[in-house]
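> have a look at this prediction, sequence included:
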Amino acid sequence: MADPESSFELLEGARAGDPAALDRLLSRYLSPLQRWASGRLPRWARDLSDTGDLVQETLIRTLRNIGSFRPEREGALQAYLRQAVMNRIRDEIRRARRHPAPEELGEDIPSRWTSPLDQAIGQETVDRYEAALADLGDEEREAIIARVELGHTWDEVAAMLGKTSPDAARMATQRALVRLATKMNHAGQ
């Protein structure tokens, strides 16, 4: 993200019907959100489309219907889009649970999926992570999401958080990660 302020301008252009602004917003947020969403949709919940397709469809739909969204700070659009993708992933998981693919298994065929126990343990960890992340302050949450989940550079994180330098952003993110780990440990006890 070269210019943090331009997201606001692109959003307004997309709202006004400018297809170029919509394309630039899509290209700006697509890769980071695909990296973040990678692995969040379990294999058993996927059909012909993969997680990348799901993210792209969600982004296009969300940006075209952005209507009443009014960002109050830098990073708000990113958080809004991330939540839209997370909601879509949850919808896909619910859909897959309602309509599992029929498959006949022989006794000697090993499963390609994780066991129910492994799924429960993995889901429990994700739930603890999400709960602990939601319990952090806005800046801490944005720092973790920007750096860890979306893979932004320290320069980009500094710009998003309004920090004076990449080192200040790195330190703020490290402190946020320590608080996140502490909250996750307490939730697991």
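Cool, got the structure.
> C-alpha only now, for contacts and for neighbours.
Will do.
> against residue 16, how distant is the residue most central in space within the chain?
The centroid of the chain falls nearest to residue 82 when counting by CA atoms, centre = their mean (4.1 Å). Per CA to CA, to the nearest Å, residue 82 is found 23 Å from residue 16.
> quick check: what element follows the helix or strand where residue 53 lies along the chain?
Element membership for residue 53 (DSSP states H and E) is helix 51-64. Next helix or strand after helix 51-64 toward the C-terminus (DSSP H and E): helix 76-98.
> mean confidence for the helix or strand following that following helix?
As assigned by DSSP H and E, the chain's next helix or strand after helix 76-98 is helix 116-135. Across helix 116-135, the average pLDDT comes to 80.
> what element comes up after helix 116-135 heading to the C-terminus?
Counting by DSSP H and E, the element after helix 116-135 in chain order, helix or strand, is helix 138-144.
> how about the closest residue to residue 75 other than its chain neighbours, secondary structure?
Spatial nearest neighbour of residue 75, chain neighbours left out: residue 160 (6.1 Å); criterion: CA to CA, 6 or more residues apart in numbering. Assigned state for residue 160: helix (three-state reduction, DSSP: H, G, I helix; E, B strand; the rest coil).
> and the gap between residue 160 and residue 67?
Distance from residue 160 to residue 67, by CA to CA: 23 Å.
> between the two, who's got more neighbours?
Legend: neighbour count by other CA atoms under 10 Å for residue 160 and residue 67, higher for residue 160 (23 against 13).
> for residue 23, see how far away that one is.
Taken as CA to CA, the span from residue 160 to residue 23 is 21 Å.
> do the same with residue 33
Residue 33 is 15 Å from residue 23, by CA to CA.
> low-confidence stretches in this protein?
Applying pLDDT under 70 to the chain flags residues 1-5, 44-49, 100-121, 188-189.
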